[in-house]
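**Student:** need the 3D shape of this:
(one chain, ligands or ions: 2)
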Amino acid sequence: MKHFLSVKDVTDLNQLITSGISAKRDPFADNDLGKNKTIGLLFFNSSLRTRISTQKAAQNLGLHVITMNVGQDGWGLEMEEGVVMNGDKAEHVKEAAAVIGSYCDIIGIRSFAELQDREKDYAEIVFQQFKKYAEVPIINLESATRHPMQSLADCMTIEEFKIKERPKVVLSWLPHFKALPQAVANSFCEWMNPMDVELVITHPEGYDLDPQFVGKGQVIYDQDKALEGADFVYGKNWSSYQHYGQVLTSDPSWMITEAKMALTDNGKFMHCLPLRRNMKVADEVLDGPRSLVIEQAANREWSAQAALKEILLGLM
Ligand SMILES: NCCC[C@H](NC(=O)CCC(=O)O)C(=O)O
Ligand SMILES: NC(=O)OP(=O)(O)O
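**Tutor:** Ligands and ions are numbered 1, 2, ... in the order given. Sure thing, here's the model as predicted:
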């Protein structure tokens, strides 16, 4: 694998899931693979899980790790070409990416959607520019439109906990007062498409995702109806794609409670975290036996390890 930006970079999803599951059983089996190589992790936005799990996975593979909060500690980076740099950005990505690429064998980047300009966010300029100028493999640690490390951990978690051959997986929008990106929801759908699952997506009207990600997902606007018979409920808030970046409603009746979960077929609850309790999901669900959020977050280490292993094999 040359880069890890989306599911499109994956040649064999089953093999990648199996690789994650075997890394979990035997974390240090490939401890020599990254020897004398360095990965740089660049964060333009906050992180708990991605930062720690990716560092841990890289160390399990013998890589040296350098982590930088570019959003806070680095020079402001200009991403556009041919502009007069007389604003607040002191450095151009052409130099920054080339320099970091000279220090690191792999670069992981987190850069969220700004939710101001849809075309700009969906063009993924930060990733395109780093890919162009760093000349080393680029790993997506959550971009404006996707979060593949999360989605791979989600696939692993569903594989581990499913009790039916073809489980029903419901992606449900959850209420939030803040405008959040569509990346996790987009990516989840994109990764569920090649999986052997029935995918249902439920959200209030006006929250339809970009159709390129929905694929085989069936959209049902009635949350109760969508939840019927679900084996997995994957909760997430996102802001509107059509009315780009807007919060159209934060209707509390969309919160996942035990009463909502009772509509499922003894379904399990999943969420990428972080989440705001009793706004998106009730304590009773998160503290009960249905919640998989901790197992899911723990799998981030193994999904990162599986993806990094493929990248390292590509460097051989
Ligand atoms: N990496 C996991 C999700 C990150 C981000 N959530 C957030 O920003 C939550 C912020 C808050 O609840 O204030 C998102 O939705 O894409
Ligand atoms: N789920 C996830 O990516 O968490 P962080 O934002 O804390 O990295």
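**Student:** residue of the protein nearest ligand 1, please.
**Tutor:** Proximity of the chain to ligand 1 (C-beta to the nearest ligand atom) peaks at Leu180, 3.7 Å away. All C-beta atoms are positioned from the backbone trio N, CA, C, and that covers glycine.
**Student:** list the contacts of the nearest residue to that residue once chain neighbours are set aside.
**Tutor:** Using C-beta to C-beta, 6 or more residues apart in numbering and skipping residues adjacent in sequence, the residue nearest Leu180 is Asn237, 5.1 Å away. Contact criterion C-beta atoms under 8 Å, 6 or more residues apart in numbering gives Trp173, Leu174, Pro175, His176, Leu180, Lys280 as the residues in contact with Asn237.
**Student:** in this structure the third one contacts Ile256, no?
**Tutor:** No. With contact defined as C-beta atoms under 8 Å, Pro175 and Ile256 do not form a contacting pair (9.9 Å).
**Student:** related to what we said a few turns ago, neighbours of the residue of the chain closest to ligand 1, how many?
**Tutor:** Look at Leu180: counted by other C-beta atoms under 10 Å, it has 18 neighbours.
**Student:** surely it is in a strand?
**Tutor:** No. For Leu180, which was evaluated using DSSP: H, G, I helix; E, B strand; the rest coil, the result is coil, with no strand membership.
**Student:** wait, it touches Trp238, no?
**Tutor:** Yes. At 5.6 Å, Leu180 and Trp238 qualify as touching, with contact defined as C-beta under 8 Å.
**Student:** re the thing from before, and the residue of the chain closest to ligand 1, how far from Glu78?
**Tutor:** Separation of Leu180 from Glu78 (C-beta to C-beta, to the nearest Å): 26 Å.
**Student:** with Asn278 instead?
**Tutor:** Between Asn278 and Glu78 the distance, using C-beta to C-beta, works out to 42 Å.
**Student:** please say which of the two ends up with more neighbours.
**Tutor:** A side-by-side neighbour count of Asn278 and Glu78, using other C-beta under 10 Å, places Glu78 first with 20 against 12.
**Student:** tell me which parts of this protein are close to ligand 1?
**Tutor:** Residues of the chain that fall close to ligand 1, judged by C-beta under 6 Å from any ligand atom: Glu142, Lys178, Leu180, Pro181, Ala183, Val184, Cys272, Pro274, Arg276.
**Student:** list only those of the residues you listed flagged as buried.
**Tutor:** When burial is judged by neighbour count using 16 or more other C-beta atoms under 10 Å, the buried members of the residues of the chain next to ligand 1 are Glu142, Leu180, Pro181, Ala183, Val184, Cys272.
**Student:** could the residues you listed be laid out in CSV, adding distance to ligand 2 and pLDDT?
**Tutor:** Shown next, in CSV, are those (distance: C-beta to the nearest ligand atom, whole Å; pLDDT from 0 to 100):
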residue, distance to ligand 2, pLDDT
Glu142, 6, 98
Leu180, 11, 98
Pro181, 11, 98
Ala183, 10, 98
Val184, 7, 99
Cys272, 4, 98
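**Student:** and which of those residues is nearest to Glu95?
**Tutor:** Proximity of these to Glu95 was ranked by C-beta to C-beta; the top entry is Glu142 with 24.4 Å.
**Student:** for that closest one, give me its contacts.
**Tutor:** Contacts were defined as C-beta under 8 Å, 6+ apart; by that measure Glu142 touches Asn45, Ser47, Thr50, Arg110, Ser111, Phe112, Met149, Gln150, Ala183, Val184.
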